[in-house]
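> Please work out how this folds:
(one chain, ligands or ions: 1)
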Amino acid sequence: MNAGEFRRRGKEMVDFVADYLENVEQRPVYPDVEPGYLRSLIPTEAPLEPETYEEIMKDVERVIMPGITHWHSPYFYAYFPAASSYPAMLADMLCGAIGCIGFSWASSPACTELETVMLDWLGKMLQLPESFLAGTCGHGGGVIQGTASEATLMSLLAARCKAVRRVQSMDPEKSEPEILIKLVAYTSEQSHSSVERAGLIGGVTMKKIPTDSRTYAVTGELLKKIVEKDKEAGLIPFYFCATLGTTASCAFDDISQLGPICNEHNMWMHVDAAYAGSAFICPEFRPLLNGIEFADSFNLNPHKWLLVNFDCSAMWVKKRQDMIGAFKVEPLYLRHENQESGLVTDYRHWQIPLGRRFRSLKMWFVFRMYGLHGLQAHIRKQVCLAKEFESLVRADQRFEICADVIMGLVCFRLKGSNELNQNLLKRITKNREIHLVPCYLSGRFVLRFAICSRTTESRHIREAWRHMTQLTFELLQDSVQ
Ligand code: PLP
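Numbers count the residues shown, from 1 in each chain. Below is the predicted model:
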């Protein structure tokens, strides 16, 4: 493909993308295929000779689309949102064109510098304490990780390194393995599975703290009790991962209460706000972030709720040296003459891979084309839609709401057994008109209704509810027969 053909095909692709997104609600949101469906639709070997672009595009509809779960359909209510906006998609095209690999400042200075400034912009929108911002000479700063899972893992590894060094500074005879087996990390039983995985990958014990049975949040009292007991048993508590907006029910740990306990016990506090964190750009939600001044690191996913397409997970640390110091390896071929100046950031020290894309371009385009007010309007609209859905559920005596609706997620169920609710979800999934996923809350099978697509409107919510009540009617009829 030469530049001339690229121009033509590129314009066609933009039309294809806009058509797809404008009409996505007409497709069944959930695919009707069996595992392995795709292999039989394409050859078993790559072609020897070039094929035409038309042939490939024909196969997009024949091979790919039947196996797509349409995350951007306004009838998609599963998991949490995957953000999507046109400015972010355009920026991603540019990122592909520039195609730099920004592991060090010198490998593409704009890639590093824009990222640092974008994380400061977002940090200011969130009213993060100054200590998390890079500024021109700060000790903190932000980085774009691929996912919240990586952010949690990075924070745990940095905390682990810091704890080992601290113990060795007091007792230089202690070997690293002797210390590692005594380290204990903590998180809520409601936290995302990626936190448990971080413990497994980091080779440390991760204890899950039971949560309050109404709010699904960790209480300071219990954390304190468990930590003190572990210390008495000779263990070394070193890390706590709090969640603001849990995956199951969007519950909020009270970090203003938990933070001082972590600080008192020399434990790194990481705050995972993968989904809900974006809402803190709205003053009415910002109080939920109070206490962030006690944290060592904080993360949210603009790729969930801030209109920046996947992947873009924003992470801030209060002391960049904690992170850089933990992972620094400097082969000659990655060194550059400016790195000792103190003004440059080499992001390879802040993440697991070496290579990294120019992801801050997406933030820059989105922040400029929406402005803070546009982003706030997006969050508020989705919260409003969730409240509207909550009212529909509350008005139907057969259903109950299972957790406070604070943001864009509604947890609800039919009054009755888990089996009844499982059967309702089976019917919903089989029907493929809307898509949701369940969770367990206090042993009860609950349906999660998350407002996901940027294009979801009130009419979609009402239509989804009409559909669910119809399936409920049929289910209840069938179960009395
Ligand atoms: N943390 C929370 C609270 C989440 O809800 C999720 C995903 O939904 C994650 C972490 C994982 O996010 P990622 O896919 O960016 O690793």
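> The residue lying closest to F367 once chain neighbours are set aside: which element?
With sequence-adjacent residues excluded and distances taken as CB to CB, 6 or more residues apart in numbering, F367 is closest to W121, at 6.1 Å. Yep, even glycine has a C-beta here, placed from its N, CA and C like the rest. According to DSSP states H and E, W121 maps onto helix 109-125.
> and the stretch 51-200 of the chain, which residues reach the ligand?
Within reach of the ligand by CB under 6 Å from any ligand atom, the stretch 51-200 of the chain has these residues: 79-80, 147-149, 192, 194.
> so what secondary structure elements neighbour the lowest-mean-pLDDT helix or strand in the chain?
With mean pLDDT, DSSP states H and E as the measure, the helix or strand of the chain carrying the lowest mean pLDDT is helix 320-327 (a mean of 83). Packing partners of helix 320-327 (3 or more CB pairs under 8 Å, 6 or more residues apart in numbering; DSSP states H and E): helix 148-170.
> So which bits of the helix it packs on are buried?
148-164, 167 (16 or more other CB atoms under 10 Å).
> Repeat that for stretch 314-333.
Using 16+ other CB under 10 Å as the burial criterion, the residues of stretch 314-333 that qualify are 314-320, 322-324, 326.
> any chance of the residues you listed in a markdown table, plus distance to the ligand?
Shown next, in a markdown table, are the buried residues of stretch 314-333 (distance: CB to the nearest ligand atom, whole Å):
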| residue | distance to the ligand |
| --- | --- |
| A314 | 11 |
| M315 | 11 |
| W316 | 15 |
| V317 | 17 |
| K318 | 20 |
| K319 | 23 |
| R320 | 22 |
| D322 | 21 |
| M323 | 18 |
| I324 | 22 |
| A326 | 20 |
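> count of neighbours near the residue of the stretch 251-400 of the chain at minimum distance from the ligand?
Of the stretch 251-400 of the chain, the residue with the smallest distance to the ligand, taken as CB to the nearest ligand atom, is A274 at 3.5 Å. Here the count is done by other CB atoms under 10 Å, and A274 has 26 residues near it.
> now do the one 10 residues further on
The burial metric for E284, expressed as a neighbour count using other CB under 10 Å, is 12.
> In a strand, it, correct?
No - using DSSP: H, G, I helix; E, B strand; the rest coil, the assignment for E284 is coil, not a strand.
> hmm, back to that, skipping its backbone neighbours, what lies nearest the residue of the stretch 251-400 of the chain closest to the ligand in space?
In space, and not counting its chain neighbours, A274 is closest to A148: 3.8 Å by CB to CB, 6+ apart.
> Also D254?
The shortest distance from D254 to any residue that is not its chain neighbour, by CB to CB, 6+ apart, is 6.2 Å, and that residue is A217.
> what kind of secondary structure is the one you found in?
From three-state DSSP, the assignment for A217 is coil.
> same deal with Y186?
Y186 carries the three-state label strand when classified by three-state DSSP.
> Is it correct that it is in contact with K229?
No - taking CB atoms under 8 Å as the contact criterion, Y186 and K229 are not neighbours in contact, 11.8 Å apart.
> what's A276 in contact with, if anything?
244-245, 250, 252, 285, 288, 300, 305, 406-407 (CB atoms under 8 Å, 6 or more residues apart in numbering).
> just to revisit the earlier point, for Y186 and K229, indicate the residue with more neighbours.
The residue with more neighbours, out of Y186 and K229, is Y186; 27 against 11, by other CB under 10 Å.
> The more buried one bridge partners, please.
Under the criterion DSSP bridges, Y186 forms beta bridges with K207, F240.
> What's the local residue count around E196?
Other residues lying near E196 total 17 when counted by other CB under 10 Å.
> Please report the distance of it from T247.
12 Å (CB to CB, to the nearest Å).
> sorry, back to before: return the helix holding W121 as CSV; C-alpha atoms alone will do.
Taking Å, rounded to 0.1, in the frame of the first residue of the first chain, the C-alpha atoms of helix 109-125 are listed here in CSV:
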residue,chain,number,x,y,z
PRO,A,109,11.2,13.7,23.9
ALA,A,110,7.7,14.8,23.1
CYS,A,111,6.3,11.4,24.0
THR,A,112,7.8,11.6,27.5
GLU,A,113,7.1,15.3,28.1
LEU,A,114,3.5,15.3,26.9
GLU,A,115,2.8,12.4,29.2
THR,A,116,4.2,14.2,32.2
VAL,A,117,2.2,17.3,31.5
MET,A,118,-1.0,15.4,30.8
LEU,A,119,-0.7,13.6,34.1
ASP,A,120,-0.3,16.9,35.8
TRP,A,121,-3.3,18.3,33.9
LEU,A,122,-5.4,15.4,35.0
GLY,A,123,-4.0,15.5,38.5
LYS,A,124,-5.1,19.1,38.7
MET,A,125,-8.6,18.3,37.4
